[in-house]
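**Student:** sharing a model that was predicted from the sequence below.
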2 protein chains.
Amino acid sequence: MNEHRSETQDQAGPRGEHVPPAQAAPAETDAKLAELEDRWLRAVAELDNLRKRIARDAERIRAEERSKVAAEWLPILDNLELALSHAVRGDGGADAVLEGVRAVRDQAVTLLNKLGYPRHDESGVPFDPARHEAVTTVERADADPGTVVEVLRPGYGDGERQLRPAIVAVAKKVE
Amino acid sequence: MNEHRSETQDQAGPRGEHVPPAQAAPAETDAKLAELEDRWLRAVAELDNLRKRIARDAERIRAEERSKVAAEWLPILDNLELALSHAVRGDGGADAVLEGVRAVRDQAVTLLNKLGYPRHDESGVPFDPARHEAVTTVERADADPGTVVEVLRPGYGDGERQLRPAIVAVAKKVE
């Protein structure tokens, strides 16, 4: 970016530097015309270059972000395999293995939160179409109609950064 | 991108459209100077806009890619939780639960491959500093010196798209 920016600053010059109207002598006018045309052509050439760079940069930024996010999942996969290898070796029994797998689950939820996608699995809250997708309604004497009574699949993220809404069951009026 | 591109095509005009030298009458020269200056100023203004857009686009592209990759991991997390919920309910016994967790592990490896980061956990191959990080050497009568005899942590990706090298143990000459 920077070398580009400074280069153009030079060639553009201050906006106030106005071209004097035609009282100038022919030779001066000639030079002025040539200089202006040169500036214009250079600006147009730089525009072309910048457009090409935009396309290249987009792919580079995408690849960088993809590898950054994918790399963050590797320790989670490592830990999952570690838990499995304990199971194979019979270390600590089935409960210890499950404990390990649960820790991996928590680690994954923490990572999603860190990436900007907090988990949403709250029940007892009012149904909100922006955050919930209702797949069923149930009669529940102990819950107000329109209350989320069960989260069938948690949601992640909020607003524009929502990865998916939570899939929920919602209380309806008891007949 | 597109509306920008076509707009500039118009304003830039073909490169061949050269400004006639100063034999032109003063009024024509005047008009030519004004037109050239206008073109130049417009090209410079567009350069400014394009530079600002580059910064905005980078953040947008990054956010898009981040959410795309993060979303791909959600089914894996879902399946991990499904396996755990079977364990809690005691469905199918410990072996069935482990089978479920193993399937999740395979799913994660498949996703990494799909994202462009194939797993590398081959032993028996020659040590390659581009793909391996040797943390130990071992005397092994059944392996040529310089051969990978154990993968302690698998690597993912290749070349520029390498997320991390494999951590390995390498055979050394038996004394």
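**Tutor:** Received the coordinates, thanks.

**Student:** quick one: low-confidence parts of chain A?
**Tutor:** Along chain A, the model assigns pLDDT under 70 to residues A:1-25, A:88, A:90-93.

**Student:** so which residue of it comes closest to chain B?
**Tutor:** Residue of chain A nearest chain B, by C-beta to the nearest C-beta: A:Ala43 (3.6 Å). Just so you know, the C-beta spots here come from the backbone N, C-alpha and C atoms, and that holds for glycine as well.

**Student:** is that residue in a helix, a strand, or coil?
**Tutor:** Put simply, A:Ala43 is helix when judged by DSSP: H, G, I helix; E, B strand; the rest coil.

**Student:** shouldn't it be in contact with B:Leu50?
**Tutor:** No - using C-beta atoms under 8 Å, A:Ala43 is not in contact with B:Leu50, being 11.0 Å away.

**Student:** so between the two, which is more surrounded?
**Tutor:** Legend: neighbour count by other C-beta atoms under 10 Å in any protein chain shown for A:Ala43 and B:Leu50, higher for A:Ala43 (22 against 18).

**Student:** look up how far A:Arg51 lies from the more buried one.
**Tutor:** Distance, A:Ala43 to A:Arg51, using C-beta to C-beta, to the nearest Å: 13 Å.

**Student:** do you have the helices of chain A handy? List them.
**Tutor:** Along chain A, counting by DSSP state H, helices occupy A:2-12, A:26-89, A:93-114.

**Student:** give the other helices and strands that the second one contacts.
**Tutor:** In this case it means helix A:26-89. Judged by 3 or more C-beta pairs under 8 Å, 6 or more residues apart in numbering or on different chains; DSSP states H and E, the packing partners of helix A:26-89 are helix A:2-12, helix A:93-114, helix B:2-12, helix B:26-89, helix B:93-114.

**Student:** nearest to B:Asp121, of those helices?
**Tutor:** helix B:93-114 (9.4 Å; C-beta to C-beta).

**Student:** contacts for that closest one next, please.
**Tutor:** A:70, A:73, A:76-77, A:80-81, A:83-84, A:87, A:94, A:97-98, A:101, B:72-73, B:75-76, B:79-80, B:82-84, B:86-87, B:91, B:118-119, B:156, B:163 (C-beta atoms under 8 Å, 6 or more residues apart in numbering or on different chains).

**Student:** can you turn the buried part of those residues into a PyMOL selection?
**Tutor:** Buried residues among the contacts of helix B:93-114 (16 or more other C-beta atoms under 10 Å in any protein chain shown), as a PyMOL selection:
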select buried, (chain A and resi 70+73+76+77+80+81+83+84+87+97+98+101) or (chain B and resi 72+73+76+79+80+83+84+86+87+119+156+163)
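
**Student:** wait, what's in contact with A:Gly146?
**Tutor:** A:Pro126, A:Phe127, A:Val170, A:Ala171.

**Student:** ok, which pair from those residues is furthest apart?
**Tutor:** Farthest-apart pair in the contacts of A:Gly146 is A:Pro126 and A:Ala171; separation 10.2 Å (C-beta to C-beta).

**Student:** who touches both of the two?
**Tutor:** Residues touching both A:Pro126 and A:Ala171 (C-beta under 8 Å, 6+ apart): A:Gly146, A:Thr147, A:Val148.

**Student:** so which of these belong to strands?
**Tutor:** A:Val148 (DSSP state E).

**Student:** pipe the shared contacts of A:Pro126 and A:Ala171 into a markdown table and attach distance to A:Arg62 per row.
**Tutor:** As requested, these are arranged in a markdown table below (distance: C-beta to C-beta, whole Å):
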| residue | distance to A:Arg62 |
| --- | --- |
| A:Gly146 | 41 |
| A:Thr147 | 41 |
| A:Val148 | 36 |
